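Enquirer: Got a predicted structure plus its sequence, pasted below:
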Amino acid sequence: MDSPTPRTLAPRSSARMLELVFPKDTNYLGTAFGGFVLSLMDKAASVAAVRHSRRAVVTARMDGVDFHVPIRAGDAVALEAEVTRVGRTSMTVRVDVYREQLASGEQQLATSGTFVFVAVDDQGRPVAVPPLSAASSPD
Ligand SMILES: CC(C)(COP(=O)(O)OP(=O)(O)OC[C@H]1O[C@@H](n2cnc3c(N)ncnc32)[C@H](O)[C@@H]1OP(=O)(O)O)[C@@H](O)C(=O)NCCC(=O)NCCS
């Protein structure tokens, strides 16, 4: 009899995400809306922050988002988010977004930015998070 597949733990303070860009996500030039890309970044960054803190988190700040090159309908976007700094209850998350031309496989850094999340309890009050070093191991 087959033994069950062993469970593994998710990366502790980072997240990766892949999304396709459809025409509904673009402007009349056929390139992605900034707001569409921002929402994907917010999503990927929040997963990294939750994985770090193991708490609910809210976005407190979006900082220094740079749109380097346009992303077109039909492209894939690959997002990489990582917690880079931890305060008492806040976490700074760096997000890089790569535009991928699916036919060629070529990837290019399209957008990057920094987000701050705050871990909160059931009442939305800030709660302490572990330091970066303590959370860098799987558990
Ligand atoms: C974020 C929030 C929980 C902070 O609550 P607060 O009572 O102001 O908390 P505090 O002043 O005690 O700050 C808590 C931490 O958040 C950080 N923080 C609060 N506002 C911040 C901001 N705008 N940018 C960066 N960090 C911020 C503080 O520096 C502090 O960090 P530390 O604990 O690591 O030192 C609260 O402002 C909130 O709920 N905001 C709305 C969040 C939301 O709805 N996001 C979705 C946007 S649509």
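Expert: Nice, I can see it. Numbers count the residues shown, from 1 in each chain.
Enquirer: pretty sure residue 116 is in contact with residue 57, am I right?
Expert: No. The pair residue 116 / residue 57 is not scored as a contact, 9.9 Å apart, by C-beta atoms under 8 Å. For the C-beta atoms, the positions are set from N, CA and C on the backbone; glycine is no exception.
Enquirer: Mutual contacts of these two, please.
Expert: Residues touching both residue 116 and residue 57 (C-beta atoms under 8 Å, 6 or more residues apart in numbering) are residue 91.
Enquirer: Between these two, which is the more surrounded one?
Expert: residue 57 (25 against 19; other C-beta atoms under 10 Å).
Enquirer: Quickly find the element holding the more buried one.
Expert: strand 56-67 (DSSP states H and E).
Enquirer: Could you pull up phi and psi at residue 49?
Expert: phi -70, psi -40 (degrees, to the nearest 10).
Enquirer: and the gap between it and residue 57?
Expert: Residue 49 sits 4 Å away from residue 57, going by C-beta to C-beta, to the nearest Å.
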